[in-house]
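Colleague: Below is the structure, and that's it, no one-letter string:
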């Protein structure tokens, strides 16, 4: 097992508002993400999952605590260093795809590369490789309006992966997909995680998606309340799914002592 820490989250808090209107979205969360790990973040609606992801992606700033990427404190990034972090160090898969309607699939996928100065030929090589991995070669010339939801999300995943980021952040990536396309997407992401040792951190409420993860952190009311690790050698997705559902049921019931 690789023990290199890609991401370190140290005692993160995030508050909104002041006085009586103050909301504590995150209340001192700490964890590491190891290289090659497929980490799931789960919890009830309003538990702080997306707030946590947005802090890591620098969309919002935490109130206190530290986030280290490859040992560097991301709160210190400014200008070109921040742009490089957002463009190259992290890839982001959105729930609603967020593709540009006036660009083809290939143009959407290679946009991050072109924005960071990679030439057309280099981008073309990377595009062919990632399109084969995600089985979207046949839609590369199509516009988003000509694609199915599943194809759009795999195009969005390709865009997140093409710059070979240190970590891929996925926010409810199956949220807008039916069960068949959800399974196809998760199988592709799982294969990329295993074969390419790509580090992925995914926020989800879907136990079917979560069972592809190697480890899951459960968050409730802005706090980490439980952790599950899959036994990679002996545990099937089906067995891991059963354990995930058990914890989710206890969280949903407001249990203070989860397993």
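Modeller: Great, that's in hand. These numbers were taken from a predicted model, which means no experiment stands behind them.
Colleague: quick one, phi/psi of residue 64?
Modeller: Comment: the main-chain dihedrals of residue 64 come out as phi -150, psi 170, following degrees, to the nearest 10.
Colleague: Give me the distance between the nearest residue in space to it that is not next to it in sequence and residue 50.
Modeller: Counting by CB to CB, 6 or more residues apart in numbering, residue 13 is the residue found nearest to residue 64 once chain neighbours are left out, at 4.8 Å. Every C-beta, even on glycine, is put in place using the N, C-alpha and C of the backbone. Distance from residue 13 to residue 50, counting by CB to CB, to the nearest Å: 16 Å.
Colleague: quick revisit: now do the buried residues in the helix or strand where the residue nearest to residue 64 lies.
Modeller: When secondary structure is defined by DSSP states H and E, residue 13 falls within strand 5-16. Applying a neighbour-count criterion of 16 or more other CB atoms under 10 Å, one finds 6, 7, 8, 9, 10, 12, 13, 14 buried in strand 5-16.
Colleague: Stretch 82-94 now?
Modeller: Neighbour-count burial for stretch 82-94 flags 85, 86, 87, 89, 90, 91, 92, 93, 94 (criterion: 16+ other CB under 10 Å).
Colleague: just stretch 65-79 next, same as before
Modeller: Within stretch 65-79, the residues that qualify as buried are 65, 67, 68, 69, 74, 77, counting by 16+ other CB under 10 Å.
Colleague: could you measure the residue nearest to the second one when sequence neighbours are not counted against residue 85, distance?
Modeller: Yep, that's residue 67 we're talking about. Spatial nearest neighbour of residue 67, chain neighbours left out: residue 74 (5.1 Å); criterion: CB to CB, 6+ apart. Separation of residue 74 from residue 85 (CB to CB): 6 Å.
Colleague: where does the residue nearest to residue 64 land on pLDDT?
Modeller: Residue 13 is assigned a pLDDT of 96 by the prediction.
Colleague: for stretch 240-251, which positions count as buried?
Modeller: Along stretch 240-251, these residues count as buried under the neighbour rule (16+ other CB under 10 Å): 240, 241, 243, 244, 247, 248, 250, 251.
Colleague: JSON lines please, covering the residues you listed and showing secondary structure.
Modeller: Formatted as JSON lines, those follow (DSSP: H, G, I helix; E, B strand; the rest coil):
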{"residue": "240", "secondary structure": "helix"}
{"residue": "241", "secondary structure": "helix"}
{"residue": "243", "secondary structure": "helix"}
{"residue": "244", "secondary structure": "helix"}
{"residue": "247", "secondary structure": "helix"}
{"residue": "248", "secondary structure": "helix"}
{"residue": "250", "secondary structure": "helix"}
{"residue": "251", "secondary structure": "helix"}
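Colleague: In CSV: those, plus distance to residue 233 and pLDDT.
Modeller: Conversion of the buried residues of stretch 240-251 to CSV gives the following (distance: CB to CB, whole Å; pLDDT from 0 to 100):
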residue, distance to residue 233, pLDDT
240, 12, 96
241, 17, 95
243, 16, 95
244, 18, 95
247, 21, 92
248, 24, 90
250, 27, 85
251, 27, 81
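Colleague: overlap in contacts of residue 74 and residue 85?
Modeller: residue 58 (CB atoms under 8 Å, 6 or more residues apart in numbering).
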